[in-house]
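Asks: Please work out how this folds:
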Amino acid sequence: MTYFAAALAWLFVALALMIAGVGYPAADIASADTLVLVHAVCIGWLSLAMCGALFQFVPVLVAKPLFSEKSALPALILLVVGLCALIAGFLSLGGRLPPALWLLPLGAVLLVAGFGLVVVDLGLTAWLRPTGPARFVLAGLASLVATAVFGSVFAFALGGWAGSFGDAVLASGVPLHAIAGLGGWLTLTAMGVSYRLLSMFMLAPDPDDRRTKVTLIAGALAVAVTVIGGALAIDLASGLNVVLSAAAVLGLLCAALYGRDVAAIFRTRKRRQLELNMRMATLSFASLGATAFLGVALVAAGAFSTHLGAFAFLAIFGWLSGLVLAKLYKIVAFLTWLETYGPVMGRAPTPRVQDLVAEGRATKWFAIYYLSVWAGALSLLAAEPFAFQITASAMTVGAVGVVSEIVRIRRLTDVESGLRLPAGAVAPCLLFARN
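Replies: Sure, this is the predicted structure:
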């Protein structure tokens, strides 16, 4: 819960920056302000939320306890402090703070330490039974390592501590860093977790292992071609066009195969009436498809570099952020129910998981969020910064509404008073779980 709370706080930081016109599209996509915004979203919001979910669900995926329960809190502290240092370094780089470029290497070291704890803990846990969705997690963690390596080199280069090698990597390696992070760490991991969550919450059979393995191979090859091929291209001082083209084809194949797998889960589900989190997840899957279509269309039109910001925005906020918000809505309800009512099951009347939520009220907040994201992508394609700020404001309204519903879940606000706290049950804390 603490990871989720920290992640949501960073989401609101990012939304506030967009509303204020800090970063792209008000500034250049490679500016220091944009770096602040991108890392607040990708590390602060998405990565912290993903780590929190993985600490809960990797043990479920492998039917084994977490390798170490004690590393989660130190990792969170290192990640938050490291991100704050990195962002302060970017602000210094952009002239918004006094010169202190040493903050960039410091932030990188702290972030590597934090993510290192996460990778070791989750990697050793998933390795106990590396089958099915756990393989996606392992591939995602490997991609996280590559992302952190590139990011560290960039931070030291911007701080003036990496020499000519760091400058060469910084000059050409940003696409490799972005693909390893968004395409490998966040997307492959989200795919693996979603396989398990979709099957669990829709009462569907686990997806065919042979099919998901092909999906993983396509995605992992896309990241491997990017990282290894890109590193060789930089070392040989050759262009990245061939590497990025091959990775794009493999990435599109992975997205198509994932869509096939998800469709099969929906077809075979036993729970015919979809809960809100599943209905909203379908909008995230639609956003993933729209992102792939947009990428192909922009490449065909020779305008991908011009509209890279719109492509990345739709992937980050339509596909990844939308899926995380939809699943947080269910995950928090499920974990709150286990924490509060699990100890008294069979000894007192207890509510269902669905009794903790008010889906009718929450639907409008998700609708506002998704519609605003799609409108925001259109405003970026039309190069209308002011319109984008308006859509970011609407996104914030939707996100605030969703988070207020999550807070109500933790407070048991929507549970009937007669069932709220039966004898022996203890009310959950807002920011951390008691057990």
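Asks: How many neighbouring residues does residue 272 have?
Replies: Neighbour count of residue 272, defined by other Cβ atoms under 10 Å: 7. The C-beta positions use only the backbone N, C-alpha and C, and glycine is treated the same way.
Asks: For residue 169, which non-adjacent residue is spatially closest?
Replies: Using Cβ to Cβ, 6 or more residues apart in numbering and skipping residues adjacent in sequence, the residue nearest residue 169 is residue 153, 4.9 Å away.
Asks: After the strand or helix carrying that neighbour, which helix or strand is next?
Replies: Assessed by DSSP states H and E, residue 153 sits inside helix 133-158. Sequence-wise, the next helix or strand downstream of helix 133-158 (DSSP H and E) is helix 163-172.
Asks: Can you tell me the closest non-neighbouring residue to residue 385?
Replies: Computed as Cβ to Cβ, 6+ apart, the closest residue to residue 385 that is not its neighbour in sequence is residue 25, at 4.7 Å.
Asks: State the distance from that neighbour to residue 11.
Replies: For residue 25, the distance to residue 11 (Cβ to Cβ, to the nearest Å) stands at 19 Å.
Asks: Which one of those two is surrounded by more residues?
Replies: Neighbours per residue, other Cβ under 10 Å: of residue 25 and residue 11, the larger number sits with residue 11, 25 against 22.
Asks: looking at it, that one is touching residue 45, isn't it?
Replies: Yes. Contact criterion Cβ atoms under 8 Å: residue 11 and residue 45 qualify, at 4.2 Å.
Asks: So for the two, which residues contact both of them?
Replies: Contact with both residue 11 and residue 45 is made by residues residue 321, according to Cβ atoms under 8 Å, 6 or more residues apart in numbering.
Asks: check contacts around residue 312.
Replies: Here residue 312 is in contact with 178, 182 (criterion: Cβ under 8 Å, 6+ apart).
Asks: For the helix holding residue 153, give the mean pLDDT please.
Replies: Per-residue pLDDT values across helix 133-158 average out to 96.
Asks: Give me the angle between it and helix 163-172.
Replies: Here helix 133-158 runs at an angle of 120 degrees relative to helix 163-172 (axes from the mean of the first three to the mean of the last three Cα atoms, to 10 degrees).
Asks: Please name every helix or strand in contact with helix 133-158.
Replies: Identification of packing neighbours for helix 133-158 by 3 or more Cβ pairs under 8 Å, 6 or more residues apart in numbering; DSSP states H and E yields helix 48-62, helix 72-93, helix 103-126, helix 163-172, helix 174-178, helix 189-202, helix 209-224.
Asks: what about the residue positioned nearest the centre of the chain, distance to residue 309?
Replies: With distances taken as Cα atoms, centre = their mean, the residue of the chain nearest its centroid is residue 46 (3.3 Å). According to Cβ to Cβ, residue 46 and residue 309 sit 17 Å apart.
Asks: again, but for residue 382
Replies: Distance, residue 382 to residue 309, using Cβ to Cβ: 12 Å.
Asks: Looking at those two, which is more packed in?
Replies: Each of residue 382 and residue 309 has its neighbours counted (other Cβ under 10 Å); residue 309 has more, 19 against 11.
Asks: buried stuff in stretch 291-300?
Replies: 291, 292, 294, 295, 298 (16 or more other Cβ atoms under 10 Å).
Asks: now swap in stretch 209-223 and tell me
Replies: Buried residues in stretch 209-223, counted by 16+ other Cβ under 10 Å: 212, 215, 216, 217, 218, 219, 220, 221, 222, 223.
Asks: Not counting its own residues, what contacts that stretch?
Replies: In contact with stretch 209-223 (Cβ under 8 Å, 6+ apart) are residues 131-133, 135-136, 139, 142-143, 146, 179-180, 183-184, 187-188, 191-192, 195, 247-248, 250-251, 253-254, 257-258, 260-261, 264.
Asks: So among these, which ones count as buried?
Replies: Listed as buried from these are 132-133, 135-136, 139, 142-143, 146, 179-180, 183-184, 187-188, 191-192, 195, 247-248, 250-251, 253-254, 257-258, 261, 264; burial here means 16+ other Cβ under 10 Å.
Asks: ok so, going back, the residue nearest to residue 169 touches residue 161, doesn't it?
Replies: No. Between residue 153 and residue 161 there is no contact under Cβ under 8 Å: 10.2 Å.
Asks: For residue 54, which non-adjacent residue is spatially closest?
Replies: The shortest distance from residue 54 to any residue other than its chain neighbours is 5.4 Å, reached at residue 122 (Cβ to Cβ, 6+ apart).
Asks: Next, count neighbours for that neighbour.
Replies: The criterion is other Cβ under 10 Å. On that basis, residue 122 has 28 neighbouring residues.
Asks: how much space is there between it and residue 10?
Replies: Residue 122 sits 20 Å away from residue 10, going by Cβ to Cβ.
Asks: For the stretch 251-400 of the chain, give me the ranges with low pLDDT.
Replies: Along the stretch 251-400 of the chain, no part satisfies pLDDT under 70.
Asks: in it, which spans are helices?
Replies: Under the criterion DSSP state H, counting those that start in this stretch, the stretch 251-400 of the chain contains helices at 276-300, 308-313, 321-341, 359-381, 385-410.
Asks: Which residues does the helix or strand just after the last one contact?
Replies: The helix or strand immediately downstream of helix 385-410 is helix 417-420, counting by DSSP H and E. Surrounding helix 417-420, the residues in contact under the criterion Cβ under 8 Å, 6+ apart are 349, 350, 351, 355, 412.
Asks: For PyMOL, write a command that selects the buried ones of the residues you listed.
Replies: To isolate the buried subset of these in PyMOL, counting by 16+ other Cβ under 10 Å, use the following:
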select buried, resi 350+351+355+412
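Asks: and the contacts of helix 417-420 as a markdown table, adding distance to residue 363?
Replies: What follows is these, written out as a markdown table (distance: Cβ to Cβ, whole Å):
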| residue | distance to residue 363 |
| --- | --- |
| 349 | 28 |
| 350 | 25 |
| 351 | 20 |
| 355 | 17 |
| 412 | 20 |
